[in-house]
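Q: how does the following fold in three dimensions:
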Amino acid sequence: MEPHAGIPLPSTSAESITMLAHYYRGELSRMISWRDRLDRTTNWAIGALAAMLSFSLSSQTAHHSVLLFAMLLIYGLLVIEARRYRFYDVYRARVRKLENEYIAAMLSPTPGNAHMSFGTFSEELRTPMFSITLLQAMARRLRRNYFWIFLVVLLAWLVKTTSHISDGHTRLVHTANEFLENTAIAGIPGIAVLSGVVGLYIWLAFVMFRYALESQELGPGQVHV
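A: Model (predicted):
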């Protein structure tokens with residue numbers, strides 16, 4: 001594709017450097033914007049969990065279904081955050097490529113020519129593509145944040161379902177039947193509810209370990225979100 005006749009391209013090194021500086025600032029701004037969206041979704045998940053924990057654990061008679069709803073809500077937020085992370089990863093990769101292959105070469109104590117391939121870079125800009133799948137993004141966010149959120153809500157649910165109120169006193173359940181009675185919700189038997197919770201956490205563990213990103217897929221260095 002030829003550039004438009006009315007839009008001149010940089011013709012000198014100074015013009016090219018100026019263009020790159022403005023482009024770098026633009027990509028950095030987009031990266032920061034998507035990074036802020038990641039933090040916002042995580043904050044929603046933590047806030048929702050805190051509110052539901054306070055409601056569920058504040059009273060012995062509060063039903064554990066509130067915590068099941070919390071699990072589903074947090075899972076939905078995880079999917080939303082994973083989608084956002086895919087966009088963030090695109091802009092993060094562009095910024096890191098400019099920093100690693102151009103700016104780092106310019107600031108090196110032994111200056112050398114930048115080895116950035118602008119041909120490849122231009123194709124990436126012409127046809128933007130996600131570099132990771134949704135499940136890979138979910139695995140990344142699970143490892144970074146959501147593993148601990150899901151662990152807290154699971155422990156809280158176990159506290160509620162393994163507690164039995166008898167004669168006004170709270171004690172641990174003594175039999176599996178008592179536990180299944182506690183996990184039941186209205187017309188849904190306890191074994192079905194338990195199977196759903198176990199299935200959800202098996203799926204989360206599978207995603208977290210099966211689709212984890214390797215260090216070489218994240219680029220050079222150890223500082224990654």
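
Q: would you list every one of the helices in this structure?
A: Ranges of helices within the chain are 13-57, 65-98, 104-107, 118-126, 134-141, 147-161, 176-183, 190-210, based on DSSP state H.

Q: roughly how far out does the last one sit from the chain middle?
A: Spelled out, that is helix 190-210. Distance, stretch centre to chain centre, for helix 190-210: 19 Å (Cα atoms, centre = their mean, to the nearest Å).

Q: any figure for the gap between the most centrally placed residue in the chain and residue 43?
A: Taking Cα atoms, centre = their mean, the centroid of the chain lies closest to residue 141, which sits 3.0 Å from it. From residue 141 over to residue 43 the distance is 13 Å, taken as Cβ to Cβ, to the nearest Å. (C-beta placed from N, C-alpha, C; glycine too.)

Q: and if you look at residue 86?
A: Taking Cβ to Cβ as the measure, residue 86 falls 20 Å from residue 43.

Q: quick one: which of those two has more around it?
A: The neighbour comparison of residue 86 against residue 43 (other Cβ atoms under 10 Å) goes to residue 86, with 18 against 11.

Q: who's in contact with the more buried one?
A: Residue 86 is in contact with 130, 132-134, 137, counting by Cβ atoms under 8 Å, 6 or more residues apart in numbering.

Q: mind putting these into a markdown table with pLDDT?
A: As requested, the contacts of residue 86 are exported to a markdown table (pLDDT from 0 to 100):
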| residue | pLDDT |
| --- | --- |
| 130 | 88 |
| 132 | 89 |
| 133 | 92 |
| 134 | 94 |
| 137 | 93 |
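
Q: which of those residues sits closest to residue 202?
A: Proximity of these to residue 202 (Cβ to Cβ) peaks at residue 134, which lies at 18.7 Å.

Q: shouldn't the closest one be in contact with residue 80?
A: No. Using Cβ atoms under 8 Å, residue 134 makes no contact with residue 80, being 10.8 Å away.
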